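> Output the structure for:
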Amino acid sequence: MFFFCFISSIYKDACTRVSCNYGRCVNEGASYRCQCDPGYEGSVCDRQIDLCASFTCYNGGRCHLDGHRPLCQCNP
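Numbering: from 1, shown residues only. A predicted model of the protein is given here:
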């Protein structure tokens, strides 16, 4: 019985050992994974994604972020 309680406490504490920076920790048994907020990636959600890097604006428009959405700002 004590062994079961000890193992259960390890499972519950998997997320207390790690910081997911810009995300939240999800327990997966004895391990964990970080579920990143929009705009972040990496095993601990520590890298910001450049959403404008893969977004094309035409006719001289410039990409900017509206929250976590890339949008084109057109020239007047």
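> helix/strand/coil for residue 16?
With DSSP: H, G, I helix; E, B strand; the rest coil as the basis, residue 16 sits in helix.
> Which parts of this protein are strands?
Applying DSSP state E to the chain gives strands spanning 23-28, 31-36, 40-41, 47-48, 62-66, 69-73.
> Columns distance to residue 55 and mean pLDDT on top of these, output as JSON lines?
Every C-beta, even on glycine, is put in place using the N, C-alpha and C of the backbone. Formatted as JSON lines, the strands of the chain follow (distance: least, CB to CB, whole Å; pLDDT from 0 to 100):
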{"stretch": "strand 23-28", "distance to residue 55": "22", "mean pLDDT": "93"}
{"stretch": "strand 31-36", "distance to residue 55": "19", "mean pLDDT": "94"}
{"stretch": "strand 40-41", "distance to residue 55": "16", "mean pLDDT": "94"}
{"stretch": "strand 47-48", "distance to residue 55": "15", "mean pLDDT": "93"}
{"stretch": "strand 62-66", "distance to residue 55": "5", "mean pLDDT": "91"}
{"stretch": "strand 69-73", "distance to residue 55": "4", "mean pLDDT": "92"}
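> Need those in TSV (columns: distance to residue 54).
Formatted as TSV, the strands of the chain follow (distance: least, CB to CB, whole Å):
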stretch	distance to residue 54
strand 23-28	21
strand 31-36	17
strand 40-41	13
strand 47-48	14
strand 62-66	10
strand 69-73	8
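> Tabulate those strands (JSON lines), appending mean neighbour count and distance to residue 56.
Converted to JSON lines, these look like this (neighbours: other CB atoms under 10 Å; distance: least, CB to CB, whole Å):
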{"stretch": "strand 23-28", "mean neighbour count": "14", "distance to residue 56": "28"}
{"stretch": "strand 31-36", "mean neighbour count": "17", "distance to residue 56": "24"}
{"stretch": "strand 40-41", "mean neighbour count": "16", "distance to residue 56": "21"}
{"stretch": "strand 47-48", "mean neighbour count": "12", "distance to residue 56": "20"}
{"stretch": "strand 62-66", "mean neighbour count": "12", "distance to residue 56": "8"}
{"stretch": "strand 69-73", "mean neighbour count": "14", "distance to residue 56": "8"}
